[in-house]
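In: need a 3D model of the sequence below.
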Amino acid sequence: MAVQDSAGAKRAMYLLMGIPDRFNEFCHMDQITFVQLADWILNNVESQLSVNISIEESLFVFLDIVAQGNSFSSAAYGWDHDVELTQGYAKPSPMMACRVPADHVLCRIFLNVLNALTVLRERKEISSSCPSINSTKSRWRIAKGWRPGRSRADGLVKVGNDGMSADGIEVDQEVLKQALLAVNNFMHEREEYEEFE
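Out: Predicted coordinates for the structure are as follows:
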């Protein structure tokens, strides 16, 4: 974890080096798995961020939104990032259909991690014994709102919106599901490896 001068970086370090139960409650995975996932991303995916933020802090921000179910405003406040949203929309990646406030740091962080997890999903075969998204909805608070047969026609789902503010982004639901499945598989492989040790 190279970047340590911001309040967000300090919070990331506090979580990473803190009490394991508190870490597990926040991330829904153990510290070793988290560090291995961060290392895999660092070694296999080039960051698209122009800001100086560690992969660990980026993962924490992503998990704050998808695992804890927090809004972008809440996550921005908790990780000490700019809460201001702009009105300009852009499509940062052709593989991920989304509409995102182009200058919002947290949205770029979220999409950077989503992209990295998409690469993980493409490069690592999913184990036949990997738990599905439906069976791990308690891990991914964001998935609790997904209803079979009731998705939007364009396939987009709103992420990081508290219903009261105008924040959040729309991403392709299937891309997000596959990214979360990649994390499930990464965690599952680690658990299987531990059984053989």
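In: lowest-scoring secondary structure element of this protein by mean pLDDT?
Out: Every helix and strand of the chain was ranked by mean pLDDT, DSSP states H and E. The lowest is strand 89-90, at a mean of 38.
In: residues contacting the residue nearest to Leu63 when sequence neighbours are not counted?
Out: Nearest non-adjacent residue to Leu63, counting by CB to CB, 6 or more residues apart in numbering: Cys27, 5.2 Å away. To be clear about C-beta, it is placed using only N, CA and C from the backbone, and glycine gets the same treatment. Listed by CB atoms under 8 Å, 6 or more residues apart in numbering, the contact partners of Cys27 are Leu15, Phe34, Phe60, Leu63, Ala67.
In: and those residues, which of them are in helices?
Out: In this view, the contacts of Cys27 that belong to helices under DSSP state H are Leu15, Phe34, Phe60, Leu63.
In: okay, the last one and Gly78: tell me how far apart.
Out: If I follow you right, that is Leu63. According to CB to CB, to the nearest Å, Leu63 and Gly78 sit 12 Å apart.
In: neighbour-wise, which of the two wins?
Out: Each of Leu63 and Gly78 has its neighbours counted (other CB atoms under 10 Å); Leu63 has more, 22 against 16.
In: mind listing what that one touches?
Out: Here Leu63 is in contact with Phe26, Cys27, His28 (criterion: CB under 8 Å, 6+ apart).
In: what about the last one, distance to Asn44?
Out: Shown here: His28 relative to Asn44, a distance of 22 Å by CB to CB.
In: so which of the two has more stuff around it?
Out: Between His28 and Asn44, counted using other CB under 10 Å, the more crowded position is His28 (20 against 12).
In: ok, for that one, nearest residue in space, not its chain neighbours?
Out: Of all residues not flanking His28 in the chain, Arg139 sits nearest, at 4.4 Å (CB to CB, 6+ apart).
In: tally of neighbours for that neighbour?
Out: Count around Arg139 with other CB under 10 Å applied: 19.
In: for it, give me its contacts.
Out: Contacts of Arg139 by CB under 8 Å, 6+ apart are His28, Ala67, Asn184.
In: for the nearest residue to Leu156 once chain neighbours are set aside, give me phi and psi.
Out: With CB to CB, 6+ apart as the criterion, Leu156 has its nearest non-adjacent residue at 4.2 Å, and that residue is Glu170. Torsion angles at Glu170 (phi, psi; degrees, to the nearest 10) stand at phi -110, psi 130.
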